[in-house]
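> Fold the following for me, if possible:
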Amino acid sequence: RIKLKGFLLATKSMNYQSVHRRHVVDSILSNEHIRYDTVTAVPDLFLTSVKLSHDATGAQYLHAARDDSNNLFSVQFRTTPMDSTGVPHILEHTVLCGSQRFPCRDPFFKMLNRSLSTFMNAFTASDYTMYPFSTQNAKDFQNLLSVYLDAVFFPCLRELDFCQEGWRLEHETPTDPSSRLMFKGVVFNEMKGVFSDNESLYAQHLQNKLLPDHTYAVVSGGAPLDIPDLTWEQLKHFHATHYHPSNARFFTYGDLPLEQHLQQIEKEALSKFERTEPNTAVPPQAHWDKPRVDHVTCRPDALAPDPMKQNTLCMSYLITDTFEAFTLSLLSSLMISGPNSPFYKALIEPEIGSDFSSSVGFDGSTRQASFTIGLQGMAEDNTETVKHIIAQTIDDIVATGFEEEQIEALLHKIEIQMKHQSTSFGLALASYIASCWNHDGDPVQLLKISENVSRFQQCLKENPRYLQDKVQHYFKDNTHRLTLTMSPDERFLEKQAEAEEQKLQEKIQNLSDADHKDIYEKAGLMLLLLQVCSCWPFRAQDASCLPALKVSDIEPIIPYTPVQLGTAGGVPVQCCEQPTNGMVYFRAMCNLNSLPEDLKIYVPLFCSVITKLGCGELDYRQQAQRIELKTGGMSVSPQIIPDTDQLDLYEQGIMLSSSCLERNLPDMFQLWSDIFNSPHFDDEQRLRVLVMMSAQELSNGISYSGHMYAMTRAARTLAPSADLQETFSGMDQVKFMKRIAELTDLTSVLRKLPRIKRHLLNPENMRCAVNATPQKMSDAAGEVERFMGNIAANRKERKPVRPTVVEVRPLDPQAGSSASRKLISEPHFKPCQMKTYFQLPFNVNFVSECVRTVPFSHADYASLCILARMMTAKFLHGEIREKGGAYGGGARMGGGGLFSFYSYRDPNSTQTLSAFRGGVEWARAGKFTQQDIDEAKLSVFSAVDAPVAPSDKGLGRFLNGITDEMKQRHRERLFAVTNKNLTDVAGRYLGVGQQTCGVAILGPENESIRKDPSWVVK
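Prediction:
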């Protein structure tokens, strides 16, 4: 079965990562069921890949051996539905609800609290379903692998789980058979939430209409009106035909030995199957002989930058040759990325629309790739203009091609991406190879990035018109082109509600008396019984069948991160030597204590445009090119950092961030020097383009991040830092940017930017941090010193706006250094209660309640962290998701001392607030066990001990002043939390009337809230 000689030859040529090579050899030689395909060194990514296949079943396996302790496992199945009932998506949810070895209820969610996983999830794509997890603990890896293998290959697929996760008919009040019947179900509500987002709706239509002949013509996640057509029998049949090793691709990554993985997967899953022929291949889409045009409608966007411009238009091209995916993804970047790209110049800068459509670019996620170009936020009467511009721009590219520097900048970006080390590299790899591998492409070839770049450069060298020829072939001459427009319909949500009601009535009319009884007793009362108590009819709800780590498995002491504190030009600098793989990471924090109050709301806008307007000798196009050529990106972001000791004390400022290859250090700091010394604030048209894009992005983000907006708003009146957070990143900022986008003249805004710059880009209010290799640290420090010399003219001591309110915190209390952080105190701040309702054109709610508690250094902070996690897992999950039908919900303890409850894509509003209160009463009554506490501790520690990338080591200390000693103290308090601590803090801080709380809901029109005078309705 193993060509031993060939295998040894394959490994002998690798003088690379001998430790991994040894594991590879051992594991393959000791496993008689596995056929070795290839072993390949991938020096670009510091890994060795091993491709294997399983003799008996044909299962495919790829292992990426790499010196990384954050090990990952993933199994994916090709899932190709032929209708929009959402069967792969509902199956993905239901397999995680219990399996043969682990028949308890919801083992997936229970394992979140019995593990130190760094990631656990499952995804349904258009044509595959993937189940990945990662962890740094070897025992945990084996535990999670057992649960995942049993879940996907041997799930229980109980009818009641299908009803809960997929869809069901249920009485509005399950205990009252006279209350009206309605559709409920987690996926049903999730997909209603997904399609309340116009971008998601458009992207789904675009794929369905561009690839209409097979599986891509349907909605794999489920269309809300089709989901109720799915039966339990169809779900079980789909599992039997798709979830088989012959249709599976296994991927493992990290530094654990491959041998153990192979043995466990063989023993617990593969040995129990024989090969089948899965009929899941996706045939190629028949190529159109002429282009097509189509139109769809969506809901109006109340927060659109320009209410009269809410149309979207895209042209999408089917690309048949997937072999060229690498070239075409590069070509896509050259065509649309940044202000130097031809489509940015032609479509964005004339201000025809607010931004590119979010579907724009190369999409390699389907069997045949596609490329899409188009605009959102445009007027209907510009439709023909946009079509003409797209055609003309393609002609121009064919005629003139791209500048050499643009191509150089793009290749530089790829080099940076290869060198930058992320903490979730395994997950990124699994996602990167998934689509190609799913359609029998070679995943290893995808990983050979340098080889692909070399081939690309060689093609350009041999044929200078190489890219132009591609544009001619794939775009200009391509008849498989779809032009899809979308416009708002005032009655869109109303029509959806009518269609849902009609579907409901059709279902109800077909019910017999026995069906009605069944709905009340089985789907209603029995499901309710399961959700509220541990009476599991098939087996007592006992999680003891699940494997678990113990609290004693957690490392008692954190690893120490050494930093050196110094100064450059009188500015404090923190240096952290790390294995950054030839990269240098720079950050600077500048406080905004002297900024006049009326300018504060402009700070996020200032941050988003300051690196995009041009500086020094460079206009904005040249600046963008230079940033691409010489750095890994330069960004500025607002920062609000609550104090660790006092709730009404905080630091306010902006953070500058950038990175570069070691060879480009002087160039990176020259760019920052020019931004400090001579930013350009004279181009109103450029500012308008950036404002429109920013306002559109904020408006689009609400339906994805509604729970974050609800939490930010609910917290606003509880602490001064939370009030500023709402100004910078809450609904206030969304509405402010909409107002700015509506201004016909931006001169007044343009004039404010230099005023803000004088207060913010001031070395007097600054501290810096550098992460680099030990060999390069002195060079980096020298460049920081030079940078400080270059910008010294900006240094000016400015008085704080309110001179009595500054407190000084030393950067390092132990070192006795003069370096400090200047914090703002609000001595007259009075927390107050407020309930706010934002009425938005959604058909789901986002609900939050926040309570003011204690800061990080307080003895009770650790207990509140454990309580939030335990309340989420043991009470709120059942109430909000299982019973309420929301996609998600829970509680979290924030660093600013605010305890937040939240729900996500929730069909309920005020009922969820009652669930929050129920959670508090549950905790106060002590209705939990020591096992529950230990599981909450494991879950909290998996977040506390999440891996930190070399680029980010020491960052917490730099920003928040939280030293390793403070982290260790917090760690010891987490270990020490007891049952009594939890009931005490629940009563002391969360009980009714104990502390001030705030409430916010984002959701559809709500008559009862509108009539309630205790609510502020926006």
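> All the strands of the stretch 151-300 of the chain, in order from the start?
168-171, 181-184, 248-254, 292-298 (DSSP state E, counting those that start in this stretch).
> Of those, flag the one that's most buried.
strand 248-254 (a mean of 24; mean count of other C-beta atoms under 10 Å). (C-beta placed from N, C-alpha, C; glycine too.)
> Please name every helix or strand in contact with that strand.
strand 60-66, strand 71-78, helix 258-268, helix 425-438 (3 or more C-beta pairs under 8 Å, 6 or more residues apart in numbering; DSSP states H and E).
> between that strand and strand 71-78, how many degrees?
Taking axes from the mean of the first three to the mean of the last three C-alpha atoms, to 10 degrees, one finds that strand 248-254 is oriented at 170 degrees with respect to strand 71-78.
> low-scoring stretches of the stretch 151-300 of the chain, by residue?
Counting by pLDDT under 70, the stretch 151-300 of the chain contains no low-confidence residues.
> Mean neighbour count and distance to residue 560 added to the helices and strands packed on strand 248-254, as JSON lines?
Shown next, in JSON lines, are the helices and strands packed on strand 248-254 (neighbours: other C-beta atoms under 10 Å; distance: least, C-beta to C-beta, whole Å):
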{"stretch": "strand 60-66", "mean neighbour count": "24", "distance to residue 560": "25"}
{"stretch": "strand 71-78", "mean neighbour count": "24", "distance to residue 560": "24"}
{"stretch": "helix 258-268", "mean neighbour count": "19", "distance to residue 560": "31"}
{"stretch": "helix 425-438", "mean neighbour count": "21", "distance to residue 560": "24"}
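> Which helix or which strand is home to residue 629?
In this structure, residue 629 sits in helix 620-630 according to DSSP states H and E.
> in that helix, what counts as buried?
620, 622, 623, 624, 625, 626, 627, 628, 629, 630 (16 or more other C-beta atoms under 10 Å).
> Verify the stated contact: the first one with residue 610.
No. When contacts are counted by C-beta atoms under 8 Å, residue 620 is not listed as touching residue 610 (11.3 Å).
> Residue 48 reaches residue 41, doesn't it?
Yes. With contact defined as C-beta under 8 Å, residue 48 reaches residue 41; the gap is 5.5 Å.
> picking that back up, save the helices and strands packed on strand 248-254 as TSV, and put in distance to residue 780 too.
Output for those, formatted as TSV (distance: least, C-beta to C-beta, whole Å):
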stretch	distance to residue 780
strand 60-66	27
strand 71-78	32
helix 258-268	38
helix 425-438	24
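> Tell me which of those sits nearest to residue 655.
Relative to residue 655, the nearest member of the helices and strands packed on strand 248-254 by C-beta to C-beta is helix 425-438, separated by 24.2 Å.
> Touching that closest one from outside, list them.
Contacts with helix 425-438, where a contact means C-beta atoms under 8 Å, 6 or more residues apart in numbering, come from 45, 60, 62, 64, 66, 68, 70-72, 74, 76, 78, 119, 125, 127-128, 130, 132, 134, 249, 251, 253-254, 322, 325, 364-366, 422, 442-443, 446-447.
> returning to what we had before: residue 48 and residue 41: which has the busier surroundings?
residue 48 (25 against 20; other C-beta atoms under 10 Å).
> Would you state the strands of the stretch 701-850 of the chain in chain order?
Under DSSP E, counting those that start in this stretch, the stretch 701-850 of the chain gives strands at 766-772, 806-810, 820-825, 834-839, 845-852.
> The stretch 401-550 of the chain now?
Going by DSSP E, counting those that start in this stretch, the stretch 401-550 of the chain shows strands at 481-488.
> about what we covered before: could I get the strands of the stretch 151-300 of the chain as CSV with distance to residue 837?
Shown next, in CSV, are those (distance: least, C-beta to C-beta, whole Å):
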stretch, distance to residue 837
strand 168-171, 26
strand 181-184, 22
strand 248-254, 45
strand 292-298, 24
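> Can you say which of those is nearest to residue 591?
Of all the strands of the stretch 151-300 of the chain, strand 248-254 sits nearest to residue 591, with 40.8 Å by C-beta to C-beta.
> Figure out how far that closest one is from the centre of its chain.
Strand 248-254 has its C-alpha centroid displaced from the chain centroid by 22 Å (C-alpha atoms, centre = their mean, to the nearest Å).
> what's the answer for stretch 47-56, then?
30 Å.
> Out of the helices and strands packed on strand 248-254, which is closest to residue 200?
Of the helices and strands packed on strand 248-254, nearest to residue 200 by C-beta to C-beta is helix 425-438, at 18.6 Å.
> and the direction of the closest one versus that of strand 248-254, what angle?
Going by the same axes, to 10 degrees, helix 425-438 makes 150 degrees with strand 248-254.
> Span of stretch 891-903 from start to end?
9 Å (C-alpha to C-alpha, to the nearest Å).
> I'd like the average pLDDT over that stretch.
Stretch 891-903 shows a mean pLDDT of 96.
> In that stretch, which residues are buried?
891, 892, 893, 894, 896, 897, 898, 899, 900, 901, 902, 903.
> nearest to residue 237, of those?
residue 903 (33.5 Å).
> Do I have it right that that closest one meets residue 707?
Yes. Using C-beta under 8 Å, residue 903 makes contact with residue 707 at a distance of 6.9 Å.
> Any buried residues in stretch 465-473, and which?
Of the residues in stretch 465-473, 466, 467, 468, 470, 471, 472 count as buried by neighbour count, 16+ other C-beta under 10 Å.
> Among those residues, give me the pair with the biggest separation.
466 and 472 (10.9 Å).
> and the residue located most distally from the centre of the chain, how far is that from residue 309?
Using C-alpha atoms, centre = their mean, the residue of the chain lying farthest from its centre is residue 513. It sits 46.5 Å away. To residue 309, residue 513 is 54 Å away according to C-beta to C-beta, to the nearest Å.
> Quick one: low-confidence residue ranges for this protein.
Low-confidence segments of the chain, defined by pLDDT under 70, are located at 1-32, 34, 36, 321-323, 523, 530-541, 802-805, 813-818.
> From residue 884, how far out is residue 568?
Counting by C-beta to C-beta, the gap from residue 568 to residue 884 is 55 Å.
> now residue 614
Taken as C-beta to C-beta, the span from residue 614 to residue 884 is 51 Å.
> who touches the helix holding residue 629?
Outside helix 620-630, the residues that reach it (C-beta under 8 Å, 6+ apart) are 338-340, 405-406, 408-410, 412-413, 611-615, 618, 633-634, 660, 664, 667-668, 671, 680, 683, 686.
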